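Peer 1: Give me coordinates for this.
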Amino acid sequence: MAAFELTRGSSPVILAFPHTGTDVPADIRARLNDNGRLLADTDWHIHELYAGLLADATTVRATFHRYVIDANRDPEGVSLYPGQNTTGLVPETDFDGKPIWNTGQEPTEDDVARRLAEFHTPYHAALAAEIERVKAIHGVAVVYDCHSIRSHIPFLFEGRLPDFNIGTDMGRTCDPRFEAAAFEVAAAAAGYAHVVNGRFKGGWTTRHYGRPETGLHAIQMELAQITHLATETPPYAYDTGKAARLRLHLKTILERIAAIALDLRP
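Peer 2: Numbering: from 1, shown residues only. Alright, predicted model coming up:
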């Protein structure tokens with residue numbers, strides 16, 4: 001199966017979707033236990049949520065599920081959040097800390113190496129190629145990394161997660177104007193909570209690509225799934241009413257980011 005789906009645009013903004021894929025090769029699916037086969041930690045419907053919000057945006061979407069290999073983790077296996085509960089390059093558990101593999105069939109080092117070559121590397125090669133193409137057009141590029149997660153996951157964080165979680169690795173991954181734009185729109189969105197660099201400060205994608213001194217900026221948006229799903233439990237149905245309200249704010253964020261990027265062109 002293809003590791004990614006790509007749509008090319010002429011905007012300076014690239015939307016990345018590392019966690020919306022649900023494809024699992026048959027040999028890998030056979031090793032997942034009943035809990036793992038639920039694929040519960042999917043970023044459900046996020047590519048649908050963002051569809052059409054920004055004219056001419058490039059999109060790069062991983063088609064494989066994060067249980068195959070996580071496209072937003074360091075290929076060397078380094079933890080994003082040392083000392084905190086999280087999941088790794090090839091997860092051993094779900095976000096509740098429960099095993100996802102049949103006993104004795106957990107992925108080996110050879111499995112990880114093969115999945116890096118077949119899935120993780122092609123996805124990031126495609127993303128890197130689009131970054132270079134967009135930078136060649138504009139002299140600047142912005143990777144906007146699109147995510148969602150359940151609003152209550154005690155294994156990962158206490159209490160309820162804010163609706164908008166903006167991550168820039170404490171301002172290191174982008175020009176401050178991008179962070180400010182996302183913050184201002186989220187702060188003005190009535191009925192929604194927001195935070196900047198809270199529990200989620202930006203994953204490996206944001207931290208790896210975000211080099212503002214080179215004209216390459218990256219920002220992560222982690223949305224609480226209650227903002228656009230009917231429920232955060234199976235069948236994880238998309239709520240078109242909730243999504244329509246949220247899309248208005250996301251559209252404003254993306255349009256402001258695109259405008260800032262154009263202003264930053266050399």
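
Peer 1: contacts, neighbours, all on C-alpha from now
Peer 2: Noted.

Peer 1: Assign a three-state SS to residue 28, would you?
Peer 2: Counting by DSSP: H, G, I helix; E, B strand; the rest coil, the backbone at residue 28 sits in helix.

Peer 1: gap between it and residue 93?
Peer 2: To residue 93, residue 28 is 15 Å away according to C-alpha to C-alpha, to the nearest Å.

Peer 1: Check residue 59 too.
Peer 2: From residue 59 to residue 93 the distance is 29 Å (C-alpha to C-alpha).

Peer 1: Same question for residue 39.
Peer 2: 11 Å.

Peer 1: Report the separation between the most far-flung residue of the chain relative to its centre and residue 93.
Peer 2: Within the chain, the residue lying farthest from the chain centre (C-alpha atoms, centre = their mean) is residue 104, at 30.2 Å. Distance of residue 104 to residue 93, computed by C-alpha to C-alpha: 14 Å.

Peer 1: shaky segments in the chain?
Peer 2: In the prediction, the chain carries no residues with pLDDT under 70.

Peer 1: could you pull out the strands for it?
Peer 2: 4-7, 13-17, 58-62, 141-149, 164-167, 194-196, 216-224 (DSSP state E).

Peer 1: quick one on the thing from earlier: residue 59 and residue 93: which is more packed in?
Peer 2: The neighbour count for residue 59 versus residue 93, taken as other C-alpha atoms under 10 Å, is higher for residue 59 (22 against 17).

Peer 1: burial measure for residue 14, as a count.
Peer 2: Residue 14: 27 neighbours (other C-alpha under 10 Å).

Peer 1: Could I get the contacting residues of it?
Peer 2: 57, 58, 59, 60, 130, 131, 141, 142, 143, 144 (C-alpha atoms under 8 Å, 6 or more residues apart in numbering).

Peer 1: cool, and residue 232?
Peer 2: By C-alpha under 8 Å, 6+ apart, residue 232 lies in contact with 150, 225, 226.

Peer 1: What of residue 79?
Peer 2: Residue 79 sits next to 73, 86, 88 when contact means C-alpha under 8 Å, 6+ apart.

Peer 1: of all the residues you listed, which comes closest to residue 9?
Peer 2: Distance to residue 9, by C-alpha to C-alpha, is smallest for residue 73 among the contacts of residue 79, at 25.9 Å.

Peer 1: Phi first, then psi, for that closest one.
Peer 2: Note on residue 73: backbone dihedrals following degrees, to the nearest 10 are phi -120, psi 150.

Peer 1: do the same with the one 5 residues further on
Peer 2: The phi and psi values for residue 78, taken as degrees, to the nearest 10, are phi -70, psi 130.

Peer 1: out of everything not next to it in sequence, what's closest to residue 205?
Peer 2: residue 72 (5.6 Å; C-alpha to C-alpha, 6 or more residues apart in numbering).

Peer 1: Would you confirm that residue 80 contacts residue 204?
Peer 2: Yes. With contact defined as C-alpha atoms under 8 Å, residue 80 reaches residue 204; the gap is 7.0 Å.

Peer 1: Check whether residue 9 really touches residue 58, as I assumed.
Peer 2: Yes. Between residue 9 and residue 58 a contact is recorded at 4.4 Å, counting by C-alpha under 8 Å.

Peer 1: picking that back up, quick one: which of the contacts of residue 232 has the most company?
Peer 2: Counting neighbours by other C-alpha under 10 Å, residue 225 leads the contacts of residue 232 with 25 neighbours.
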